[in-house]
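Q: output the structure for:
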Amino acid sequence: MEIITVKNLCKDYKYNVKNENKGFLYNLFNSKEKIVKAVNDVTFSVEEGETIAFIGPNGAGKSTTIKMLTGILYPTSGEIKIYGLTPIKDRDKLAYKIGTVFGQRSQLLPNLPLTDSMEMFGAMYDMSKEDIKKRIKELAELFDLNEFINQPVRKLSLGQRMRAEIATSLIHRPKIIFLDEPTIGLDVISKKKLRDLFLKINKEEKVTIFLTSHDTEDIQSICNRCVIINHGKIIIDTKTKDLMSSYVKNKNIIITPETIFETFPELPDGIEYLEKTKDQITVKVNTSIIGTQKALQALTKKFNIDDVDIQNESLEDIIRGIYEED
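A: Numbers count the residues shown, from 1 in each chain. Here you go, the predicted structure:
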């Protein structure tokens, strides 16, 4: 079932360009208006239950798109429908169907216990006291909040606060949750816990996840689909696993010698050293210049090899390469 439909979405920002060689009065009456297309003819749809990564470099248009999807910004042109609702016109109705979490901005009451924030949000969504109490209990167990649920929010660690933020955004059982950099600033263990929770709410509560993140582990661990935006336009919309397989241009080959490497000879075109020690060498193979099999044949002629490990480049490197090409 298609729950988000975006067609030909555009958002323009206008500003005046001043002549730095002229004075204030000249610029007051003669400055020229310039238009920047932050989002330029974006079209996509999202199915119920999907876990989608909406990613791009800074200034690509992803945050502007999310703000239009959630009704914060008005589009210059185009159409958005979420469960048949238009975000700007039906913002109050839409609020009952979506949840939002922005990694840098808290929606919780800092000086009061977490339960107070959750009760307040439940009341905002017209939930009865009994339903609020029951839902808080469910979320406390799901997100492991009981050890700090009665503490003032300002005393929570960043990892605890982010779990609390996400739990609170789910108080009204939304169908979609928009996550903007939810793991930013967290340590490795806290990130892992959050990622597991996202997968759990997607599976158990059938919540559709719409994620933006610069952390490729978030994308790879949580999302089954990637939409990449750059310069306000969607440049790739594909399954995450297909992104990994279709856009791999380089492979890393790790070579372990039978004894030790005595020398590091010059390598053929398409192969370059990444790391080299007497005990191990890592080379990068550009598969558009030389195939993996031919590269291995060339390397066996150069080195006395005991073991070889071939690895694809990381998702981060793949996405960086796509940005650079675009």
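Q: could you export stretch 172-192 as CSV, CA atoms only?
A: What follows is the C-alpha trace of stretch 172-192 in CSV, where atoms were taken according to Å, rounded to 0.1, in the frame of the first residue of the first chain:
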residue,chain,number,x,y,z
HIS,A,172,0.2,8.0,19.8
ARG,A,173,1.0,4.9,17.6
PRO,A,174,2.0,6.8,14.5
LYS,A,175,2.1,4.9,11.1
ILE,A,176,5.3,6.7,10.0
ILE,A,177,8.3,8.1,11.9
PHE,A,178,10.6,10.6,10.4
LEU,A,179,14.1,10.4,11.8
ASP,A,180,16.7,13.1,11.1
GLU,A,181,20.2,12.1,12.3
PRO,A,182,18.9,10.1,15.2
THR,A,183,22.3,8.6,16.2
ILE,A,184,24.4,11.7,15.9
GLY,A,185,26.9,12.0,18.7
LEU,A,186,26.1,8.6,20.2
ASP,A,187,28.8,6.0,21.1
VAL,A,188,29.0,2.7,19.2
ILE,A,189,26.9,0.7,21.8
SER,A,190,24.2,3.3,22.0
LYS,A,191,23.9,3.4,18.2
LYS,A,192,23.6,-0.4,18.0
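Q: pull out the buried positions in it.
A: When neighbours are counted by 16 or more other CB atoms under 10 Å, the buried residues of stretch 172-192 are found to be 172-184, 186, 190-191. Where C-beta positions appear, they are placed from N, C-alpha and C, glycine not excepted.
Q: now do that stretch: distance to the chain's middle.
A: Centre-to-centre, stretch 172-192 and its host chain are 10 Å apart (CA atoms, centre = their mean, to the nearest Å).
Q: repeat that for stretch 280-298.
A: Per CA atoms, centre = their mean, the displacement of stretch 280-298 from the mean C-alpha position of its chain is 32 Å.
Q: also stretch 291-311?
A: Centroid separation between stretch 291-311 and its chain, computed with CA atoms, centre = their mean, is 36 Å.
Q: next, the distance between the ends of it.
A: Distances were taken as CA to CA, to the nearest Å; on that basis the terminal residues of stretch 291-311 are 14 Å apart.
Q: one more: stretch 216-236?
A: Between the opening and closing residues of stretch 216-236 lies a distance of 16 Å (CA to CA).
Q: can you check stretch 69-88 too?
A: Its start and end residues considered, stretch 69-88 measures 9 Å (CA to CA).
Q: ok, residues contacting it?
A: Under the contact criterion CB atoms under 8 Å, 6 or more residues apart in numbering, stretch 69-88 has outside partners 3-12, 39, 41-42, 64, 67-68, 90-91, 93-94, 97-98, 100, 175-176, 178, 210.
Q: mind checking which of those land in helices?
A: 64, 67-68, 91, 93-94 (DSSP state H).
Q: of these, select the buried ones using a ChimeraX command.
A: Buried residues within the ones in helices among the contacts of stretch 69-88, as defined by 16+ other CB under 10 Å, are selected in ChimeraX through the command that follows:
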select :64,67,68,94
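Q: what's the closest of the ones in helices among the contacts of stretch 69-88 to Lys233?
A: Relative to Lys233, the closest of the ones in helices among the contacts of stretch 69-88 is Thr64; by CB to CB it sits at 12.5 Å.
Q: the closest one and Lys11 touch, don't they?
A: Yes: in this structure, Thr64 sits in contact with Lys11. The criterion is CB atoms under 8 Å, and the distance is 5.3 Å.
Q: buried residues in stretch 59-78, which are they?
A: Under the neighbour-count criterion of 16+ other CB under 10 Å, stretch 59-78 has 60-71, 73, 75-76, 78 buried.
Q: that older thread, shared neighbours of Thr64 and Lys11, anything?
A: Between them, Thr64 and Lys11 share the neighbouring residues 38-39, 73, with contact defined by CB under 8 Å, 6+ apart.
Q: wait, which of the residues you listed is closest to Tyr247?
A: Top of the list for closeness to Tyr247, among the shared contacts of Thr64 and Lys11 and by CB to CB, is Val39 at 23.5 Å.
Q: brilliant, that's me finished.
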